[in-house]
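Enquirer: have a look at this prediction, sequence included:
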Amino acid sequence: MKEVLVSLDQLAASTGLSKQTLNGYRYLGKGPKFLKLEGRIFYLERDIDDWVAEAHGRQNGTTTTTGTGTDGDQDE
């Protein structure tokens with residue numbers, strides 16, 4: 001499957017968040033994972049989806065963690 005890259009401008013337009021807010025989230029580690037290519041910031045669409053799902057879970061009092069159980073062991 002081909003990965004879809006989303007620019008900072010595109011993410012700002014689709015979320016309604018300013019570029020400054022997204023830059024701040026990135027600096028604080030609160031935003032989606034990002035790539036820096038030739039000085040420009042890009043996001044993978046799947047990482048944006050994960051970030052939105054995680055934020056939605058926090059708002060509804062749930063979390064969407066995967067991969068580890070409460071004991072720290074990998075889930076199978």
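Expert: Noted; the coordinates are in hand.
Enquirer: just the helices in the chain please.
Expert: In the chain, helices defined by DSSP state H lie at 8-15, 19-28, 45-59, listed in chain order.
Enquirer: the helix or strand bottoming out on mean pLDDT in the chain packs against which elements?
Expert: One helix or strand of the chain scores below all others by mean pLDDT, DSSP states H and E: helix 45-59, with a mean of 92. Helices and strands touching helix 45-59, by 3 or more C-beta pairs under 8 Å, 6 or more residues apart in numbering; DSSP states H and E, are strand 5-7. Backbone N, C-alpha and C define where each C-beta goes, glycine included.
Enquirer: contacting residues for the residue minimising distance to the centre of the chain?
Expert: Centroid-nearest residue in the chain: P32, 2.0 Å away (criterion: C-alpha atoms, centre = their mean). Neighbour list for P32: L11, Y43, L44, D47, I48, D50, W51 [criterion: C-beta atoms under 8 Å, 6 or more residues apart in numbering].
Enquirer: quick one, what contacts the fifth one?
Expert: What that stands for is I48. V6, L11, P32.
Enquirer: can you tell me how far it sits from L5?
Expert: 10 Å (C-beta to C-beta, to the nearest Å).
Enquirer: now stretch 31-49: buried residues?
Expert: Buried residues in stretch 31-49, defined by neighbour count with 16 or more other C-beta atoms under 10 Å: G31, P32, F34, I41, F42, Y43, L44, D47, I48.
Enquirer: oh, I was asking about stretch 20-30
Expert: L22, R26.
Enquirer: and for that stretch, what's in contact with it?
Expert: L8, L11, A12, T15, L17, G31, F34, I41.
Enquirer: quick check: closest non-adjacent residue to the first one.
Expert: Going back to what we said before, that points to L8. I41 (4.8 Å; C-beta to C-beta, 6 or more residues apart in numbering).
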